[in-house]
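> Show me the folded form of this:
(chains A, B, C, D, E and F)
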4 protein chains.
Amino acid sequence: MAPKLRQKRRDGLKRQAQLMDVAMEIFAEKGYHSTSVEDIVNTAGVAKGTFYLHFEGKKDVLDKIIESYFSMLYESLKVLDISVPRPVEEIKETYMNVSRALIADTRMKQFVRLLLSEMMGLDRGLTYRINDFFNRIVQMSTGYMRKAQHENRIISTIDPVMISHGIIGSVKELLYQWAVIDENIDLERAISDLVDVYFRGMILE
Amino acid sequence: MAPKLRQKRRDGLKRQAQLMDVAMEIFAEKGYHSTSVEDIVNTAGVAKGTFYLHFEGKKDVLDKIIESYFSMLYESLKVLDISVPRPVEEIKETYMNVSRALIADTRMKQFVRLLLSEMMGLDRGLTYRINDFFNRIVQMSTGYMRKAQHENRIISTIDPVMISHGIIGSVKELLYQWAVIDENIDLERAISDLVDVYFRGMILE
Amino acid sequence: MAPKLRQKRRDGLKRQAQLMDVAMEIFAEKGYHSTSVEDIVNTAGVAKGTFYLHFEGKKDVLDKIIESYFSMLYESLKVLDISVPRPVEEIKETYMNVSRALIADTRMKQFVRLLLSEMMGLDRGLTYRINDFFNRIVQMSTGYMRKAQHENRIISTIDPVMISHGIIGSVKELLYQWAVIDENIDLERAISDLVDVYFRGMILE
Amino acid sequence: MAPKLRQKRRDGLKRQAQLMDVAMEIFAEKGYHSTSVEDIVNTAGVAKGTFYLHFEGKKDVLDKIIESYFSMLYESLKVLDISVPRPVEEIKETYMNVSRALIADTRMKQFVRLLLSEMMGLDRGLTYRINDFFNRIVQMSTGYMRKAQHENRIISTIDPVMISHGIIGSVKELLYQWAVIDENIDLERAISDLVDVYFRGMILE
DNA sequence: TATGAATGAGAGTTCATTCAT
DNA sequence: GATGAATGAACTCTCATTCAT
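This is a model prediction of the structure:
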């Protein structure tokens, strides 16, 4: 039935991508647990079986969504990863880069909403993956700070790891405010200001 | 089980308090959705019916847990709430106070774990309540900063609301690291250092 | 709803036994795979959940049915198991004993129907359990025959193992005819005659 | 795949024959119900649609397998069917003939495995067809025995029908042991010995 | 208060079958 | 003939909640 519809859909997004988009939309709106596979397929206008043709199960869509978006975000990290000697203030770029990547793609807002208000605690493996991503940033940030401490350019009494977690936490919170509470926030400026305050607070003289 | 231990609690609420403790323990360990009412009653050593004698349902026990812990946390906010004119650096106390309240009670670590890795996104009403608590701190912090900006004591270009959210985010993140990842973190010192950096970064001269 | 019915049922069989009886009836009639859990609970007049209160799943009912009936049948084997020196003709008792146990309990006919026309090949573990039962008889029978061969009382050229399997097969077939095709067969006499023929054919002189 | 190998089969039936072979292989290994059409087409290396081009459904491929193998087996029965007056001992040939037919074709072992451990109880119609085959042998055997009883050459107290079923059962059991448990059994000798014992047990003088 | 067997709506998943290409 | 994405009925299983005792 409705062969025309079927045909039309094939022209646009492929099924799997379409279902991932639809799923993320509903996950972000109702939450992962409150979303049933039926919700997804009804919204997508396909049969239940079609869902299981493309995903191993409900958990698998979420995994594939995360894989897809995280691979984009990891891209935005690579830029700084290879760089070696940089002035301390440029750590800021690490944070700004990720933030810009998030703002650039409109679908990212939904992903951030999902990431920051749903995913933590959903599943042990998932939590590890998310924490891994942020830990990678923490490690980069920590490395830079340690070096700067040795060169006597920032305060030596602070623990770079803790401060890095603090910055990450700040950025997460601003992202949450932007993605969930008020989309009119000038996110880039807010993050820029915030990181500036951090560095002003750390730099010696 | 262990009825003697619980005997000390406010009379009439023994069972309810016991069940709330048990529930929080399991929620914090396995997550709200993965915890069944059966898990709770089995661990508590009571029958299913008994649970529904004290709570309206699974959601209700979580609500009551939150109510109970949030009322304690709101207490720790009141101290500053009534304070009138203070030097800018003392905003720090707002954050330190809440943090100390969390560290003081050992059961708080479980609550923090639950709060920061499970509750967001569980339920609209719940999310509002949690955000309300943090917003209250943000408002207090923002108020102080605005005043300090008028008195030309901190940078005027930054948005106090955003920076306040940033500080809250930092504190949340450190709490998460402490409650979920590594309980050996010297939380109080980390938060103190972090807030110091923030203020060094904001203060003029 | 229907609290009276619920009450009445509790007086008679216990739920688990009732469900096992109902399940065996339907399995024997429609076959295990063609029987849905819904069929069972509808016939038993209980809710789906009740089924899963007593069994781990569809497979588990079958396992419990088998366990229950096999433990009865193993009882009927024990009689001969401890006996040591016996005249060769009395091996017959091994077969007659099991047969009588099957005929005695009216519910056994359904079990035999299930056993001989459904269970083989349902599941590796199940098949092993069934074969184990028959192998036990084969072993007993084989032991007696070997002894009789040494004493030169039965033909020495035949393989006791194969002949024992043969007798088992004969008995199975007669049971199948009785349980599935024609319940009016005089099973005891048929088995008696059959075993007689076997022994007349084996005995020297 | 391996299209060259299949090329030799009767033209026009290549695909169908290939699919039947593959299906029987998997049925015999995993059981009919645990085998999905997908298993079959994956192993055969064709698309799902192709399967339905050659068979009406999953059940149909089993029907066609049975039809194919039973027609071969019925061939092996015809030999004796037309025979007229024979000495009683030669009934043995009826059994030996079928057995030899089974051993001769290597694919028959799979069919026997399927037949004796899977098919009974799969489906009413199927069960009838299988029983019909064995009943035909029983009828032949019974006819011979009745005649022999009249001629006072075998014991008159036994029921030829029951004894015939017994012999069939014995043969089935040995076939099962050979096809499923231990392929090294000298099946022909075992069946020969077994039928000999039967007749020694029945013959007068 | 306390119990726990019973409930049943609802969720996730499978798979034989179809049909436009 | 051949394909394989799509279908959807059917099934197993879960679990928050109720209520007679």
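> Leaving out the residues flanking it, which one is nearest to the residue of chain A found nearest chain D?
Of all residues in chain A, A:Leu53 sits closest to chain D, at 11.6 Å by C-beta to the nearest C-beta. Glycine gets a C-beta too; all of them are placed from N, C-alpha and C. In space, and not counting its chain neighbours, A:Leu53 is closest to A:Arg15: 7.7 Å by C-beta to C-beta, 6 or more residues apart in numbering or on different chains.
> show me what contacts the spatially most central residue of chain A?
Centroid-nearest residue in chain A: A:Val112, 5.3 Å away (criterion: C-alpha atoms, centre = their mean). Applying C-beta atoms under 8 Å, 6 or more residues apart in numbering or on different chains to A:Val112 gives the contacts A:Leu102, A:Leu175, A:Tyr176, A:Trp178, A:Ala179.
> Quick check: residues of chain A near chain B?
Contacts of chain A with chain B, taken as C-beta under 8 Å from any C-beta of the partner chain, map to A:31, A:33, A:116-118, A:120-122, A:127, A:131, A:155, A:157-159, A:162-163, A:165-174, A:176-177, A:181, A:185, A:190, A:193-194, A:196-202.
> from the residues you listed, which would you call buried?
By neighbour count, with 16 or more other C-beta atoms under 10 Å in any protein chain shown, the residues of chain A next to chain B hold A:31, A:33, A:116-118, A:120-122, A:127, A:131, A:155, A:158-159, A:162-163, A:165-174, A:176-177, A:185, A:190, A:193-194, A:196-202 as buried.
> which stretch of helix or strand covers the nearest residue to A:Leu175 once chain neighbours are set aside?
Excluding its sequence neighbours, the residue lying closest to A:Leu175 (C-beta to C-beta, 6+ apart) is A:Val112, at 5.3 Å. Applying DSSP states H and E as the criterion places A:Val112 in helix A:107-114.
> what's the following helix or strand after that helix?
Next along from helix A:107-114, by DSSP H and E: helix A:124-150.
> returning to what we had before: which pair in the contacts of A:Val112 spans the largest distance?
A:Leu102 and A:Tyr176 (11.5 Å; C-beta to C-beta).
> who touches the closest residue to A:Ile26 other than its chain neighbours in this structure?
Once flanking residues are discounted, A:Ile26 sits nearest to A:Thr35: 4.9 Å by C-beta to C-beta, 6+ apart. Counting by C-beta under 8 Å, 6+ apart, A:Thr35 touches A:Ala23, A:Ile26, A:Phe27.
> Show me chain A divided up by domain.
Recorded structural domains for chain A (assignment: automatic domain parsing) are A:1-55, A:58-199.
> what number of residues lie near A:Lys58?
18 (other C-beta atoms under 10 Å in any protein chain shown).
> Let me see the confidence value for it.
Reported pLDDT at A:Lys58 in the predicted model: 96.
> C-terminal to the lowest-mean-pLDDT helix or strand in chain A, what's the next element?
Least confident helix or strand of chain A, by mean pLDDT, DSSP states H and E, is helix A:3-11 with a mean of 41. Sequence order places helix A:15-30 as the next helix or strand after helix A:3-11, per DSSP H and E.
> Just confirm yes or no for that next one near DNA strand E.
No: Helix A:15-30 stays clear of DNA strand E (C-beta under 7 Å from any atom of the strand), getting no nearer than 10.5 Å.
> Give the residue spans of chain A that score low on pLDDT.
A:1-13, A:78-90, A:205 (pLDDT under 70).
> switch the cut-off to 50
For chain A, applying pLDDT under 50 flags the ranges A:1-12, A:81-83.
> picking up where we left off before, which ones among the contacts of A:Val112 are found in strands?
Secondary structure from DSSP state E places none of those in strands.
> in a helix, that's where A:Thr35 is, yeah?
No: assignment of A:Thr35 by DSSP: H, G, I helix; E, B strand; the rest coil gives coil, placing it outside any helix.
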